[in-house]
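Asks: quick one: sequence and predicted model below, then my questions.
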Amino acid sequence: MHNNRILLVEDDTSISDMVRDYLELEGFVVTPVFDGEQGVAVFSKNTFDLVILDLMLPKLSGIEIMEIMRHKSLIPILIMSAKDSDVDKAVGLGLGADDYISKPFSMIELTARVKALIRRAAHYTKADGQENIIHVHDLSMDLNNFCVYKHGQDVKLTSKEFDIMKLFITNKNRVFTKAQIYNLIWGDDYYGEENVINVHMRRLREKIEDNPSTPMYIKTIWGIGYKLGEF
């Protein structure tokens, strides 16, 4: 029993009850809330390991909640929503969500994604006592403490953005296709999830590049994929 704490923000009580009951059987401690304002209030006063967030909520939308949470925390956020267009995925993931699951979903798949996100976050917050910092030009990446610095200033990355940057920075000179990136970072088969990759690359470049339209750190290799820039 791991007793990781999950904040569940879902206004449909039948879905909320189903998710809570299943995850509690898996050993999670689930706190359900039913509107956006309540979600922000409970999040501000308590400590959680993961947030499961619906997009369509009363009082405050899931997108508004995510913006508020991201100002305060890098906690893993899993969006679940019936709105399954590429635009909604791009908006949600672009604002800092770590994963997205569409309704209707299987509880087995949801649980697998929850466990993967918590496991990844725990891996990054667990320092092994040895300094593990990689420097590339003006960037420094602390692999133990899940931190990236540019010119000594902290760069706020989501766990997925950190994963992508770590992939490139620890595999210098290697070119990765979008399918390889999706498989390695999301741990899933690639079915043309190009928009998800594009959104994450754009957001990551906006945070680390001097000029995102002419990137130095993550180069596009046209027709193939991406690689770390050479300095």
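Replies: That came through fine. Computed from a predicted model, the values in this text were never measured in an experiment.

Asks: test my guess that residue 113 contacts residue 99.
Replies: Yes - at 5.4 Å, residue 113 counts as touching residue 99 under the criterion of C-beta atoms under 8 Å. To be clear about C-beta, it is placed using only N, CA and C from the backbone, and glycine gets the same treatment.

Asks: what sits in contact with each of the two?
Replies: Common neighbours of residue 113 and residue 99, using C-beta atoms under 8 Å, 6 or more residues apart in numbering, are residue 78.

Asks: neighbours of residue 97, how many?
Replies: The number of residues packed near residue 97 is 24, by other C-beta atoms under 10 Å.

Asks: which SS class is it?
Replies: coil (DSSP: H, G, I helix; E, B strand; the rest coil).

Asks: so who does it touch?
Replies: Contact analysis of residue 97 by C-beta under 8 Å, 6+ apart lists 53, 66, 77-79, 158.

Asks: how close does it get to residue 135?
Replies: Residue 97 sits 29 Å away from residue 135, taking C-beta to C-beta, to the nearest Å as the criterion.

Asks: can you check residue 18 too?
Replies: Residue 18 is 48 Å from residue 135, by C-beta to C-beta.

Asks: per-domain residue ranges of this structure.
Replies: By the assignment in automatic domain parsing, the chain contains the domains 5-125, 133-228.

Asks: for the residue nearest the centre of the chain, which non-adjacent residue is closest in space?
Replies: In the chain, the centroid-proximal residue (C-alpha atoms, centre = their mean) is residue 98; its distance is 2.0 Å. Nearest residue to residue 98 in three dimensions, chain neighbours excluded: residue 76, at 4.7 Å (C-beta to C-beta, 6 or more residues apart in numbering).

Asks: look at that neighbour and say how many residues are nearby.
Replies: The burial count for residue 76: 26, using other C-beta under 10 Å.

Asks: OK, contacts around it?
Replies: So residue 76 contacts 49-51, 98-99, 117-118, 120-121, 159 (C-beta under 8 Å, 6+ apart).

Asks: take those and keep only those in strands.
Replies: Among the contacts of residue 76, the members falling in strands (DSSP state E) are 50-51, 99.

Asks: which helix is the longest one in this structure?
Replies: In the chain, assigned by DSSP state H, the helix with the most residues is helix 107-125.

Asks: got the CA positions of that one in CSV?
Replies: Output in CSV follows, covering the C-alpha atoms of helix 107-125 (Å, rounded to 0.1, in the frame of the first residue of the first chain):
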residue,chain,number,x,y,z
MET,A,107,-10.0,2.2,-15.0
ILE,A,108,-7.0,-0.1,-15.7
GLU,A,109,-5.6,2.5,-18.1
LEU,A,110,-6.2,5.4,-15.8
THR,A,111,-4.6,3.6,-12.9
ALA,A,112,-1.5,2.7,-15.1
ARG,A,113,-1.1,6.4,-16.0
VAL,A,114,-1.5,7.5,-12.4
LYS,A,115,1.1,5.1,-11.2
ALA,A,116,3.5,6.1,-14.0
LEU,A,117,3.2,9.8,-13.3
ILE,A,118,3.7,9.3,-9.5
ARG,A,119,6.6,6.9,-10.1
ARG,A,120,8.3,9.4,-12.4
ALA,A,121,7.8,12.3,-10.0
ALA,A,122,9.1,10.3,-7.1
HIS,A,123,12.2,9.3,-9.1
TYR,A,124,13.1,13.0,-9.7
THR,A,125,12.6,14.1,-6.1
